[in-house]
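In: what's the 3D shape of this:
(one chain, ligands or ions: 1)
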Amino acid sequence: MAANAQGVAEAPFVWHPSNTAEAWQLKQTFGAEGVFTAGGTLLRTQWESGLAAMPTHLINVGAIEELHRLGMDGESQTGHIGTMITLSEIRTSPLIHKNFPLLTEAARNIAAPSIRNLATIGGNVLSMVGDSIPALLLYDPVLHWHDGSNGLEEPLSEWLSTAAVHAAWKERLLIAVELAKPTLDTNTKRFVAYHKVGRRDAFTPSVITAAISLQLDPDHRLSDVRIALGGGQTIPSRLEAVEAFLTGKPADKKAITQVYGMILESFEPKGDAFVPVSYRKKAAANLIASELWKASR
Ligand SMILES: Cc1cc2nc3c(=O)[nH]c(=O)nc-3n(C[C@H](O)[C@H](O)[C@H](O)COP(=O)(O)OP(=O)(O)OC[C@H]3O[C@@H](n4cnc5c(N)ncnc54)[C@H](O)[C@@H]3O)c2cc1C
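Out: Model prediction:
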């Protein structure tokens, strides 16, 4: 935080750029002294808890119209969610509910309405551990950034795998998340579920977040299996080995038992003082096994 000559903390300068180029230029000008802010809900908790210092310059991107766009391209069946779309807007959007129902369910499970009214999807994604991420990961998400040139597109899973170690992304402005609507083959049924397990029912940090989407063919075999897990400070990811294992199999007792074992072995959540790793692994394996069981019924 900036301080005056007497060492008394001063509020940061707040900038309100009106377009992406201006926002990006401000960031280049201020470097580490300038931070993009959207709803400010996460940043504020970081400052208040002493996890991060308040910067000298806040670059509030809320006035940039382009970042508020929410729409669906009918031809490509691609959803465009501007980074400034709030979690409340996601929660109540008929477009999101129709095309990306797991995201509606995830937004319903994040914080309380007062926070959701401010908190944005961009801020949630860029926290790296947001509860919306497991749901997003099932829709082949692509991040659209402004990096001062023509723009940059990057699959969310790729960004997640490097973001913690390579901080270059902090120089860029996120514009939108693009999602692909899964296609449904004829004669198949799609089963989807999103769960957040917390230490109490509502308004709680997650122990585990899980999203699952799969198709059941007429012969009861599984196809297009997508599973993602996160929770707490765990960076969410897809369970590609489990997805490949289940593809083409019936969701019977034998397969579900094997999946339970695979998750215990391969899922690597982060533990903390309240919830150990072993508990998170078991909670995740139980959740996915029970959803597979429900799907098979
Ligand atoms: C009481 C409380 C409860 C909460 N509960 C939950 C919960 O249950 N689940 C959950 O997932 N989260 C929770 N959060 C965390 C937070 O509210 C969410 O992650 C929220 O979505 C963050 O969005 P924001 O717009 O407020 O982000 P901000 O705080 O504005 O920004 C977050 C980060 O993203 C960067 N950023 C934001 N927009 C851009 C952009 N366009 N380009 C580049 N960088 C950008 C900022 O610099 C910052 O690093 C909670 C927070 C509070 C205070």
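In: Over the helix or strand containing residue 285, what's the mean pLDDT, rounded is fine.
Out: Assigned by DSSP states H and E, residue 285 falls within helix 277-296. Mean pLDDT, helix 277-296: 96.
In: How about stretch 47-65?
Out: 94.
In: OK, contacts around the closest residue to residue 55 other than its chain neighbours?
Out: Sequence neighbours aside, residue 35 is the residue nearest to residue 55 in space, at 4.4 Å (criterion: Cβ to Cβ, 6 or more residues apart in numbering). Any C-beta I mention is one placed from the backbone N, CA and C, and that applies to glycine too. Listed by Cβ atoms under 8 Å, 6 or more residues apart in numbering, the contact partners of residue 35 are 43, 55, 57-59.
In: just these now: which is nearest residue 264?
Out: Distances from residue 264 to those, taken as Cβ to Cβ, are shortest for residue 43 (36.1 Å).
In: so what's that closest one scoring on pLDDT?
Out: Reported pLDDT for residue 43: 96.
In: Residue 271 too?
Out: 89.
In: Helix, strand or coil: sort out it for me.
Out: Under DSSP: H, G, I helix; E, B strand; the rest coil, residue 271 falls in the coil class.
In: Would you check how far apart residue 283 and the ligand are?
Out: Residue 283 is 16 Å from the ligand, where distance means Cβ to the nearest ligand atom, to the nearest Å.
In: Tell me the secondary structure of the closest residue to that residue other than its chain neighbours, please.
Out: Distance criterion Cβ to Cβ, 6+ apart; nearest residue to residue 283, sequence neighbours excluded, is residue 208 at 4.6 Å. Here residue 208 is recorded as strand under three-state DSSP.
In: Return the residues in contact with residue 208.
Out: 195-197, 229-232, 269, 280, 283-284, 287.
In: With distance to residue 165 as added columns, please give those in JSON lines.
Out: Formatted as JSON lines, the entries for these read as follows, by distance: Cβ to Cβ, whole Å:
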{"residue": "195", "distance to residue 165": "29"}
{"residue": "196", "distance to residue 165": "27"}
{"residue": "197", "distance to residue 165": "28"}
{"residue": "229", "distance to residue 165": "21"}
{"residue": "230", "distance to residue 165": "18"}
{"residue": "231", "distance to residue 165": "21"}
{"residue": "232", "distance to residue 165": "19"}
{"residue": "269", "distance to residue 165": "19"}
{"residue": "280", "distance to residue 165": "22"}
{"residue": "283", "distance to residue 165": "27"}
{"residue": "284", "distance to residue 165": "24"}
{"residue": "287", "distance to residue 165": "29"}
